[in-house]
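Q: The sequence and its predicted three-dimensional model are supplied below.
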2 protein chains.
Amino acid sequence: MEKHILMSEKSKAGLPAHYNFPYNATASADIAESINALRGSGHGAKLAVLILTADELSRLEASGEHRPSDSVYFRIIITGAGIHESLSESPLLAKVAHVTSSPFSAAELSFHLKKAFSSMDLEVKLAAERNAYQNTLLDMKQDQEDLINIGRALSIEKDPDHLFRLILMLSKKITGADAGSIYIVEVLPDGEKQLRFKYSHTFSKELPYEEFVMPLNRNSIAGYVAVTGTILNIPDVYMLSKSDPVAFNSSFDHEHNYRSKSMIVIPMRNHLDDIIGVIQLINSKEDDTGNSRMTGNEAFEIVLSTPQDFERKVVPFASRYESLMEAVAGQAAIAIENNRM
Amino acid sequence: MEKHILMSEKSKAGLPAHYNFPYNATASADIAESINALRGSGHGAKLAVLILTADELSRLEASGEHRPSDSVYFRIIITGAGIHESLSESPLLAKVAHVTSSPFSAAELSFHLKKAFSSMDLEVKLAAERNAYQNTLLDMKQDQEDLINIGRALSIEKDPDHLFRLILMLSKKITGADAGSIYIVEVLPDGEKQLRFKYSHTFSKELPYEEFVMPLNRNSIAGYVAVTGTILNIPDVYMLSKSDPVAFNSSFDHEHNYRSKSMIVIPMRNHLDDIIGVIQLINSKEDDTGNSRMTGNEAFEIVLSTPQDFERKVVPFASRYESLMEAVAGQAAIAIENNRM
């Protein structure tokens, strides 16, 4: 995090001459203006130690530029003044790191700068924890709303083909996935089971698909999940190694000029915990405008066309989508089974 | 929040004689022990300013008693020493509010104590925000899990009578309610609508109920919700006044020696947004052991028997249950409708 020292011209009288400031230090006649400039500059939060006189502190309070802001954390060092009544009533008292009427030695100034930044580090850590919880909370609220809506939508769809489309569309939407497929476990008359590739859709490209069946075993990624019940969350399928339990077949990608990268594969379990199918999602998308609060719902409609798009806009599926999709897959399983009856 | 000043016997030499400390102040030979005692005393978080010498600070660091703890916030004032190298490397540097080698005047000590407590107040506020988010997050995780399980449970129940029981049981469980009833909107052959009191259950008492029908209008609480679609969350039905849109009929309470107090009433809306019924829950329970993190799921089985129980253990329905029950009621509506087809 950027560290700055903003001092007033007047306060310089109390500072050692030729002092080598440990961080970017600026002197100005107007501290309020310096804070404002710092607030507007660059990205992210900054830490600042303000060095000023008691008079200037009063003016800063009046200016309102000291307003709490998550973008500038600050501590105050007051020079050229002792402790007086008005200082102890200052609304900024909690931010005052040091007050002195005697000139600073270099060692003293270094110590007090270090102490001030160290105390801000603690504050930043606490604020970061608070913000992380707040963001997770926003994510969870979105997820909860999504889940409720998905549950409702799935439970009222009576047409089997529409139901598969709906399950895949909603799954792609909440995770921001570009493509996906649904596989269904089928029991043959002789009791053997097979896996049917039932439905597939890719947002960025018109890609053909045909239903086909495959043996229910660990040799395919979907089969592995259907047999073991494990959720797979793979950041890049081309980075799978020989030691991984699954391997990616890239022939479809080559044939259709697509680039599968991140993948999440979730078993659909019914109320008896039987696995009745698998949802496979490919290429979670995010925009690259730096808006990290964009959720799956909004990123869903990003089009991937150039190799750069696949490079820049495809991200691994967030780990929270594992439990979310587990819930969706459970709702989907029940809707499919209700539909069959 | 409790405020304390813990000073060492040795540091007293640097403090003004006969100083009137603004908060509970204790002198001891061993500061680490004083902190430990404070940590173990009473309830809730405490704020402490530690006044000690540089030597004692080193010993405190070594003792480990300075470990971060949400129950004791502290700041440090160091007396009888100037700034020295080891101090600037202290792991507690961020907590050092002031260092001085000269004796304190009363005014100086007052100022530095005030500044130290003021800086802790900021930290406490930030920590409280963080904790509030964390607790809301825990609540939401619980709610999300409940919702998923309820959705699954309702969608697989095929017997209509069992379904009504299940809806009410799960609704009571997640909100910690003692009693509840389900009303269903019925359309008569002539197109008129009526409200059927369909099912009712009280945990704390074996209470009789019989199905009956009532007109669908605003004259009853359930009718009001079925007609307007408004969620009602009433802290105490006996405190309703003439100006409230609904009135409570206490004849059932009198007849059966029950005491209805808090009440939440939620419309059941199907996927077309039609109101097909109403869930009414009575008396949200919490234990009185001071465990405020007990959720509905755990409080569900508290028995209300004495008038004191109703007084102490019944609380208003938390506002978060409004949206949670709205989601449950939506799932219930779809399950009921699927059941009818």
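A: Arrived safely. Residues are numbered from 1 along each chain as shown, chains lettered A, B, ... in the order given.

Q: Give the full set of residues in contact with the residue in the stretch 51-200 of chain A that chain B sits nearest to.
A: For the stretch 51-200 of chain A and chain B, the shortest gap (C-beta to the nearest C-beta) falls at A:Tyr133, measuring 3.5 Å. All C-beta spots, glycine's among them, are computed from the backbone N, C-alpha and C. Contacts for A:Tyr133 (C-beta atoms under 8 Å, 6 or more residues apart in numbering or on different chains) come out as B:Arg130, B:Tyr133, B:Gln134, B:Leu137.

Q: before we move on, what about A:Asn217?
A: Applying C-beta under 8 Å, 6+ apart, we find A:Asn217 in contact with A:Gly223, A:Val227.

Q: Over to A:Arg259?
A: By C-beta under 8 Å, 6+ apart, the neighbours of A:Arg259 are A:Asp253, A:Asn283, A:Leu304, A:Pro307, A:Phe310, A:Val314.

Q: Among these, which one lies nearest to chain B?
A: Taking C-beta to the nearest C-beta as the measure, chain B lies nearest A:Asn283 of the contacts of A:Arg259, at 26.0 Å.

Q: Please name the nearest non-neighbouring residue to that closest one.
A: Closest residue to A:Asn283 apart from its sequence neighbours, by C-beta to C-beta, 6 or more residues apart in numbering or on different chains: A:Asp178 at 3.9 Å.

Q: what number of residues lie near the one you found?
A: Other residues within reach of A:Asp178, judged by other C-beta atoms under 10 Å in any protein chain shown, total 31.

Q: remind me, longest helix of chain A?
A: Taking DSSP state H as the criterion, chain A has its longest helix at helix A:106-156.

Q: After it, which helix or strand is next?
A: Using DSSP states H and E, the helix or strand that follows helix A:106-156 in sequence is helix A:160-175.

Q: Where in chain A is the helix or strand with the lowest mean pLDDT?
A: Least confident helix or strand, chain A: helix A:296-299 with a mean of 66, by mean pLDDT, DSSP states H and E.

Q: quick revisit: take the contacts of A:Arg259 and keep only those in strands.
A: Taking DSSP state E as the definition of strands, the contacts of A:Arg259 contribute A:Asn283, A:Val314.

Q: Can you show me the helices along chain A?
A: A:31-40, A:54-63, A:85-88, A:106-156, A:160-175, A:221-228, A:251-256, A:296-299, A:307-313, A:320-340.

Q: now for those, which one comes closest to B:Thr79?
A: Of all the helices of chain A, helix A:106-156 sits nearest to B:Thr79, with 16.1 Å by C-beta to C-beta.

Q: Run the angle between that closest one and helix B:106-156 for me.
A: 20 degrees (axes from the mean of the first three to the mean of the last three C-alpha atoms, to 10 degrees).

Q: got the angle for helix A:106-156 vs helix B:320-340?
A: Orientation of helix A:106-156 against helix B:320-340 (the same axes, to 10 degrees) gives an angle of 20 degrees.

Q: ok, now how distant is the nearest residue to A:Gly42 once chain neighbours are set aside from chain B?
A: Closest residue to A:Gly42 apart from its sequence neighbours, by C-beta to C-beta, 6+ apart: A:Glu2 at 6.9 Å. Separation of A:Glu2 from chain B (C-beta to the nearest C-beta, to the nearest Å): 19 Å.

Q: you'd agree A:Glu2 is up against A:Ser71?
A: No - in this structure, A:Glu2 is not within contact of A:Ser71 by C-beta atoms under 8 Å, at 10.6 Å.
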